[in-house]
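S.K.: make a model of this:
(chains A and B)
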Amino acid sequence: MQAANANATGANGATTNGAETGATDDFVTVYVGETLFGLAIERVHDVFVPSGVTPVPLAPAEIVGLLNLRGRVVTAMSLRRRLGLPDAPDEADGAKASPKMAIGLEQAGETFALVVDGVGEVLKLGADSREAVPINLDPRFRNLATCVHRLDGRLLVILDVDALLGFTAAGAKAA
Amino acid sequence: MDDLLREFLTESGEHLDTVDAELVRFEQDPNNETILRNIFRLVHTIKGTCGFLGLPRLEALAHAAETLMGRFRDGLPATSASVTLILLTLDRLKEILADLEATGTEPAGSDDDLISALERMAEGAPEASEPEPAAPPPPPEPVLPEPVARELKPGEVSLDDLEAAFLAAPGPDESAFAAAPAPQPASAPAPKAGAAPVEAAEAEPARAERAEGGGGEGEATTAAKNNQTIRVSVDTLEHLMTMVSELVLTRNQLLEIARRHEDSSYKVPLQRLSHVTAELQDGVMKTRMQPIGNAWQKLPRVVRDLSAELGKQIELVMVGAETELDRQVLEVIKDPLTHMVRNSADHGLESTAERVAAGKPARGTIRLAAYHEGGTITIEIADDGKGLNLAAIRQKAVQRGLASQADVDRMTDAQVAKFIFDAGFSTAAAVTSVSGRGVGMDVVKTNIETIGGLIDIATTAGRGTTFTIKIPLTLAIVAALIVRAGEHRFALPQVAVLELVRVDAGAQRVERINGAPVLRLRERLLPIVSLTGLLGQDAAGTETEQAGFVVVAQVGRERFGILVDEVFHTEEIVVKPMSVKLRHIPMFAGNTILGDGAVVLIVDPNGVARQVAQGSQGSGGHADADDDAANEVADSKTTLLVFKGGQGSFKAVPLSLVTRLEEIECAKVEWLGGRALIQYRGRLMPLVPADPGITIKSEGTQALVVFSDGERAMGLVVDEIVDIVEERLDIEIAADRSDLIGSAVLRGRATDIINIAHFLPLAYDDWARGLKRPEQFSTILLVDDSAFFRDMLTPVLKAGGYQVVTAASAEAALSTLQSDQRIEVVVTDLEMPGRSGFDLVAAMRRAEPRVAGLPVIGLTGAIGADAVERARALAITDLVAKFDRAGLISALAELGAETVSKAA
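M.R.: Okay, the predicted model is just below:
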């Protein structure tokens, strides 16, 4: 399903592009460690500093806990853990150190917070810099990414929001 | 379906329900013209609407019923027979309405039977009471055709006229009415009048409330009333409710902030906001509230019918019908309540004769009461019958293996009574000889528990039984106890909490039995679980138990203590559902935002109770185990080898399957193609870990359990060999993993029983496929009453290259033998409950030649002289000790060879 999604987006982008050059998509960039990731701006509802995260015992590892976002209970998920990366050093050494930034995403009427190391600028990117996901990437990355953009001096991995949130309880446990 | 029709369906449904209840009241109180007028009006409305919508069948039926009721109004005594007939008509109307709702059109069919009966009843009016017995209405087809129907056509007109007059002049009508029914009490209904008075005064207000609106009395205000109410879809209300919940939370947060800023000028407006919010919350809650009487509406009818059916005199007393509760809750308890009333009438109350003999009033009473109590509603269903037969329940519970005799003796009566809520626990067999009907009490309990309710029983022999149901007023907002466990706060629903006990290292301290914490509470032992332990955060387990609080909770029959570090306060919390990503965790019922803005998790007492029962605190492994307890009972004792394998958990395997125990030097382990092997007695033996969690050590020594079959051997890698125990094996939890047969309690420890059949193919791909093809026969019927042995021997036999068919009893074996032509040899346990293996063989020998000639190998625990003698008499080929696996295989091989030689 993820693959189909990715393909659809890709095909879509290609046709728009073919029709009128210069069509661009907006991405909110976030980073985890040294890697830069992009999220389609229409999926991003909020950018906020997560605080007061209540951990959920027995929960899948990806889930950092629950937090109160303006009166709504939001499930916070760590992008690091979702990608199979180790926790950031400051995060790991004490529960007190709260993560730096979070992106509010919505799926099926539920709000999720994607906890990242930091949030960058919003980028307008055209198809000219778009590349398919390199096949030698770690499968965890490959399954979550739709494409890669070549930027000046660095690369931007575009994440598929639905795939990102699409882990099941069982799958998460197995992983 | 158009809106008009849909509207009509809803409305008619409601009307019919009302008429149902009203009719029963009317029957008991035939002089009450208000009731009659109400009934008449409702039926008339239905009739009128049907005519308008073009529903001839409904119209004709309603019309006939109306005609008869018109007669009542004219002074025809309302006999039980005529009321029954009208009730039957109402049922028919409901059936047609249901069809109409499903298909959108009136179903085809004829109602002549009912109509003619109704008409005859109405026609019989002038002759006073004579025709009633002549027209026994309950049997559905008293086919009385045309003449009557035609005859009454004029009557129809006159009744319409009558009704018009009635509507126009209520005053005089009343006086006329008062005069007319005067003779009635003298006739049949007199005893009935007192027979089952629904507490009219109690039921009235609710109904009156609904009927009010216009302010006027009587039916003339119908039209005006319609303008006073509107129908709002439930979804709209639900949405409003959610929004108000959000508002409440926001207000709570604001108040918290204001508390911190002393000089805040927000104080006054905030106060105002707070009030408005509270009122809004109340208002919205009220829209969802319905009087519990709505759920009771059908009960008088049910009791009336039952009373007739069972031949018991039953009085139904309803108190507190106006008590309001959330409609969502109401929906859930409706059916359980009906069932319980039915149960009380059926099983609870004795027959009239028994009652008289016991010196009780002949008429049994079922009392239904509802009242508010704290944040909950309490509903009591009490009967003054004979009470539960606790001795029989105790016996039954032991019989069914729900509890041991010792447990049962120790239990209080209230605890014993709760066995009737166990699935499949037949109240009929346990309590009375009358058969049960409808949903069982287990369903009642489940329904009530799904809405966070509790059910309790108090019973006194000879005096009756009282069921007490406690349910939350609403599901959206619950009172919860906020506690701290470890670093975090949790909310515990108040409804499950019985009391709080402070524990410390002194007098009230937590003691341990084999590691399981318990608390002495008023001379009873209370099992304790620590919340941190349950949630897998038991870092500082032992210290936290020194001081803290035990929240004594009760779920169903289980009473247990939840150890927490601190108790804060009780708070009304808005329950928010768990995220879909977290819903699989059984420990949490939801989450909420507290006044200070923090999110806390709501602990689900049901989930905790399940964990307590499984006694698997802190070990994550069991959390996933299936709840479905497969109660396989193997009566004989089994010798098992217990070892540690994987995360310190205990596992066991029957010793009979084990060839040898070995301790090897890790340095000798060799790796070939990713598989661990060791040179063992001059051959290579593959090593397989007993659990995915075990890694073969790289240094020191490694414990192995060696299984061998012929020339092949496999080493099962285990962490540590613990013990050999001989115990009655009682596999309690069937595992959904193929490497486990299930779990059992051995020496007080939860132990997984491993399934060797899973590991053999891991060592040798072809093990299961059979090594040495045995001579001739290939299909074996294995008969053993113990599932454990069937499961154990099947892989052994399969590994020997045989096809295996199993049967759990002699009966099953015989029928399998009849149907399955492939079977060439029978291996049977000789000691089985019921028909033994000897009986089975005897029966086989008498059967058709194919079956009679089959060779049999008997399995027996002890090979005594008499057993050998009997076996010889029955031409049993060989006797093998039950655990002698190799003996069985060689006996089979011998048998095969024999067959071959005979054939040759």
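S.K.: could you report the neighbour count for the residue of chain A found nearest chain B?
M.R.: Closest approach of chain A to chain B (CB to the nearest CB) occurs at A:Pro57, with a separation of 3.5 Å. From N, CA and C alone the C-beta is placed, and that goes for glycine too. Other residues lying near A:Pro57 total 19 when counted by other CB atoms under 10 Å in any protein chain shown.
S.K.: could you do B:Glu106 as well?
M.R.: Using other CB under 10 Å as the criterion, the residues surrounding B:Glu106 number 18.
S.K.: now do B:Val669
M.R.: B:Val669: 18 surrounding residues under other CB under 10 Å.
S.K.: distance of it relative to B:Thr659?
M.R.: Going from B:Val669 to B:Thr659 by CB to CB, to the nearest Å gives 19 Å.
S.K.: now residue 119: which helix or strand?
M.R.: All of this refers to chain A. Taking DSSP states H and E as the definition, A:Val119 sits inside strand A:118-126.
S.K.: actually it's chain B I care about, not the one you picked
M.R.: With DSSP H and E as the test, B:Glu119 turns up in helix B:112-123.
S.K.: give the buried residues for that helix.
M.R.: Neighbour-count burial for helix B:112-123 flags B:Asp112, B:Asp113, B:Leu114, B:Ile115, B:Ser116, B:Ala117, B:Leu118, B:Glu119, B:Arg120, B:Met121, B:Ala122, B:Glu123 (criterion: 16 or more other CB atoms under 10 Å in any protein chain shown).
S.K.: ok, now stretch B:570-579?
M.R.: Those would be B:Glu571, B:Ile573, B:Val574, B:Val575, B:Lys576, B:Met578, B:Ser579, for stretch B:570-579 by 16+ other CB under 10 Å.
S.K.: now the last one. Its backbone dihedrals?
M.R.: Main-chain torsions, B:Ser579, degrees, to the nearest 10: phi -60, psi 150.
S.K.: same check, this time on the second one
M.R.: B:Ile573 adopts backbone torsions of phi -120, psi 150, taken as degrees, to the nearest 10.
S.K.: tell me the spacing between it and chain A.
M.R.: 12 Å (CB to the nearest CB, to the nearest Å).
S.K.: how many residues are close by the nearest residue to that residue once chain neighbours are set aside?
M.R.: Among residues not flanking B:Ile573 along the chain, B:Thr592 sits closest, at 4.1 Å (CB to CB, 6 or more residues apart in numbering or on different chains). By other CB under 10 Å, 26 other residues sit near B:Thr592.
S.K.: looks to me like B:Thr592 is in a helix.
M.R.: No. Under DSSP: H, G, I helix; E, B strand; the rest coil, B:Thr592 falls outside any helix and is assigned strand.
S.K.: so who does it touch?
M.R.: B:Thr592 is in contact with A:Val73, B:Ala480, B:Ala491, B:Ile573, B:Val574, B:Val575, B:Lys576, B:Val599, B:Val600, B:Ile602, counting by CB atoms under 8 Å, 6 or more residues apart in numbering or on different chains.
S.K.: picking that back up, quick check: neighbours of the strand holding A:Val119 in the sheet, parallel or antiparallel?
M.R.: strand A:24-32 (antiparallel) (DSSP bridges).
S.K.: against which helices or strands is whatever helix or strand comes next after the partner strand packed?
M.R.: Later in the chain than strand A:24-32, the nearest helix or strand by DSSP H and E is strand A:35-40. Judged by 3 or more CB pairs under 8 Å, 6 or more residues apart in numbering or on different chains; DSSP states H and E, strand A:35-40 is in contact with strand A:24-32, strand A:118-126, strand A:155-159.
S.K.: beta partners for the nearest residue to B:Ser530 once chain neighbours are set aside?
M.R.: Of all residues not flanking B:Ser530 in the chain, B:Leu563 sits nearest, at 4.1 Å (CB to CB, 6+ apart). Going by DSSP bridges, B:Leu563 is paired in beta bridges with B:Ser530, B:Val550.
S.K.: what residues are up against B:Leu563?
M.R.: Counting by CB under 8 Å, 6+ apart, B:Leu563 makes contact with B:485, B:503, B:510, B:517, B:528-531, B:533, B:544-545, B:548-551.
S.K.: how does it look with 6 Å?
M.R.: B:Ile528, B:Ser530, B:Gly548, B:Val550 (CB atoms under 6 Å, 6 or more residues apart in numbering or on different chains).
S.K.: likewise for B:Gly536?
M.R.: A:Pro57, A:Leu58.
S.K.: surely B:Gly364 and B:Leu349 touch.
M.R.: Yes. At 3.7 Å, B:Gly364 and B:Leu349 qualify as touching, with contact defined as CB atoms under 6 Å.
S.K.: write out the residues of chain A neighbouring chain B.
M.R.: A:52, A:54, A:56-59, A:66, A:68, A:71, A:73, A:75, A:110, A:169 (CB under 6 Å from any CB of the partner chain).
S.K.: which elements pack onto whichever strand or helix holds B:Arg259?
M.R.: Secondary structure from DSSP H and E places B:Arg259 in helix B:234-260. Packed against helix B:234-260 by the contact rule (3 or more CB pairs under 6 Å, 6 or more residues apart in numbering or on different chains; DSSP states H and E) you find helix B:267-288.
S.K.: tell me which residues in the helix it packs on are buried?
M.R.: Here helix B:267-288 shows B:Leu270, B:Leu273, B:Ser274, B:Thr277, B:Leu280, B:Gln281, B:Val284, B:Met285, B:Arg288 as buried, counting by 16+ other CB under 10 Å.
S.K.: all set now, cheers.
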